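sequence unavailable; structure follows:
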C-alpha cells in the first residue's frame, strides 16, 4: 500500500480554528475578545513548553485579526510574516524585518509578525528589534513565541502582553486522541490513550507522535 499521501497526525491535526486549540481555553477566549472589541496590543508574547500550541495559536490569531477587517481575505502572504529566530537570529535578519514593518498592508488594516523561538536572537538583534517595538507603526502587530521566557530581555517583556501557555493535561490529551482515533476508524482502549497522554508529558504534539508510532 502506498503511503505517499500519508501525513503525520501532528501536522494533520494542527489547530486550524479556535475550537481545535486544546487545553488553552482561557487564552483563546481572551484573544478572541481582543479582536472582537478592537482592543489589540501591538506586541504579544506566547510562552510555554514545546508542543502546547504557541505557534499554532499565533497563526490563528494573526489570521483572525486580518479577517476581522477584511472577511474576504484569502491570501495572507503579505499580511502575515513569520520568522524563525532559531535560524534567523542575527542583527541583519532583524534589520530586514524592520524594513518589512515599515510597509503598510496592501489589503486589510494589519500586518502581523510572528517570531518563533524569539529567545534565540543575539543581543545586537534584540537591540535592533527593540527600536521597532518601542515605536511600531499602527499597522504592525508582533506575536513572539518562546519556550524560555527568562532569556527575553526585560525591555522587550515590558512592551508585550504576556500569555503563559500551560502543559496539556492528561485528560485533555486523552480526549483529543480519542476523537482522532474515532475519526480515523481506529479502535483504541481508553487505558492505552491514557498511557500515551501520560508519556507525552503535557505536549500535544508529542502525544500525536506517539499515537502515530503505536
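That came through, no problem. Note that the structure is a prediction, hence the values are computed from the model and not measured.

and the spatially most central residue of the chain, how far from residue 210?
What sits nearest the mean C-alpha location of the chain, by C-alpha atoms, centre = their mean, is residue 55, with 1.8 Å. Counting by C-beta to C-beta, to the nearest Å, the gap from residue 55 to residue 210 is 20 Å. Every residue, glycine included, has its C-beta placed from N, CA and C.

for residue 177, what is the enclosing helix or strand?
Assigned by DSSP states H and E, residue 177 belongs to helix 170-183.

the helix or strand that comes right after that helix vs helix 170-183, what angle?
Downstream of helix 170-183, the first helix or strand assigned by DSSP H and E is helix 190-199. Orientation note: helix 190-199 sits at an angle of 130 degrees relative to helix 170-183 (axes from the mean of the first three to the mean of the last three C-alpha atoms, to 10 degrees).

check which helices and strands helix 190-199 sits against.
Judged by 3 or more C-beta pairs under 8 Å, 6 or more residues apart in numbering; DSSP states H and E, helix 190-199 is in contact with helix 170-183, helix 204-213.

could you redo those helices as JSON lines and give each row mean neighbour count, distance to residue 72 and mean pLDDT?
Converted to JSON lines, the helices and strands packed on helix 190-199 look like this (neighbours: other C-beta atoms under 10 Å; distance: least, C-beta to C-beta, whole Å; pLDDT from 0 to 100):
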{"stretch": "helix 170-183", "mean neighbour count": "17", "distance to residue 72": "30", "mean pLDDT": "95"}
{"stretch": "helix 204-213", "mean neighbour count": "20", "distance to residue 72": "32", "mean pLDDT": "93"}
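
among those helices, which comes closest to residue 89?
helix 204-213 (22.7 Å; C-beta to C-beta).

which other residues reach the closest one?
With C-beta atoms under 8 Å, 6 or more residues apart in numbering as the test, helix 204-213 has contacts from 8-10, 13, 22-23, 50-53, 168, 173, 176-177, 180-181, 196-197, 199-200.

pull the distance from it to the chain's centre.
Averaging C-alpha positions (C-alpha atoms, centre = their mean, to the nearest Å) puts helix 204-213 18 Å from its chain's average.

how big is the angle separating that helix from helix 190-199?
Helix 204-213 runs at 130 degrees relative to helix 190-199, counting by the same axes, to 10 degrees.

do you know how far residue 15 is from residue 181?
To residue 181, residue 15 is 18 Å away according to C-beta to C-beta.

check residue 174 too.
Residue 174 is 10 Å from residue 181, by C-beta to C-beta.

okay then, goodbye and thanks.
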